[in-house]
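*Asks:* This is a predicted model, with the sequence first.
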Amino acid sequence: MAAGTRLIATAAGVNLASAAVTAALFVLLAPLMAAPEGVVALQARLALAARLSIWPALVLFAMVAGVMAVRGRFQAFNPVEDTESRAYRVAQRVLSNTVEQTLIFLPALTALSTLLPVASLGVLALATALFVVGRLLFWAGYAVHPYARAPGMAMTFAVNLIVLGWAVLLAV
């Protein structure tokens with residue numbers, strides 16, 4: 001097997017394994033998640049989704065701060081003319097991808113919060129936790145090597161697929 005083919009096969013295997021582990025964690029932990037008390041009315045469900053959205057927002061804020069810190073460290077203050085370091089390009093790509101993933105996750109989480117049976121609302125916190133862990137793994141992996149971002153990306157993809165897919169199934 002050629003080196004390029006082996007690399008693609010390895011990357012695909014890592015992504016599939018990470019997504020499978022994430023899905024398994026979701027399935028195994030979901031029954032253990034207690035429904036939050038007093039969250040029945042639509043307003044309370046939306047408030048729950050809003051409270052949970054603080055955690056992905058905190059990750060995004062940390063990533064913005066990371067981009068700023070890297071820009072300052074390498075004295076690349078002019079984003080149009082200054083040379084971008086590798087660290088800056090990595091930080092910017094991590095932030096950009098996280099914005100994209102978060103724009104999928106938060107509306108899907110909010111929709112799911114309005115559609116789930118009350119007894120299942122605890123999975124919203126689980127989904128949020130797995131999403132945040134996935135983004136942090138993505139960030140850490142990318143800092144090591146672009147290929148090392150795969151487990152975090154696959155974890156995020158799996159969470160988004162579960163949350164969005166579940167919301168769509170309940171909506172139709």
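*Replies:* Arrived safely, thanks for sending.
*Asks:* Could you pull out the buried residues of the helix ranked longest in the chain?
*Replies:* Of all segments of type helix in the chain, defined using DSSP state H, the longest is helix 86-115. Across helix 86-115, burial judged by 16 or more other Cβ atoms under 10 Å covers 87-88, 90-92, 94-95, 97-98, 101-102, 104-106, 108-113. In short, each C-beta sits where N, CA and C put it, glycine included.
*Asks:* cool, stretch 64-80 as well?
*Replies:* In stretch 64-80, the ones that count as buried by 16+ other Cβ under 10 Å are Gly66, Val67, Val70, Arg71, Ala76.
*Asks:* wait, which of these is closest to Ala119?
*Replies:* Gly66 (38.8 Å; Cβ to Cβ).
*Asks:* Return the distance of that closest one relative to Tyr147.
*Replies:* 20 Å (Cβ to Cβ, to the nearest Å).
*Asks:* try Leu170
*Replies:* In terms of Cβ to Cβ, Leu170 sits 36 Å off from Tyr147.
*Asks:* I'd assumed Ser113 was in contact with Val123.
*Replies:* No. Using Cβ atoms under 8 Å, Val123 is not in contact with Ser113; the gap is 10.0 Å.
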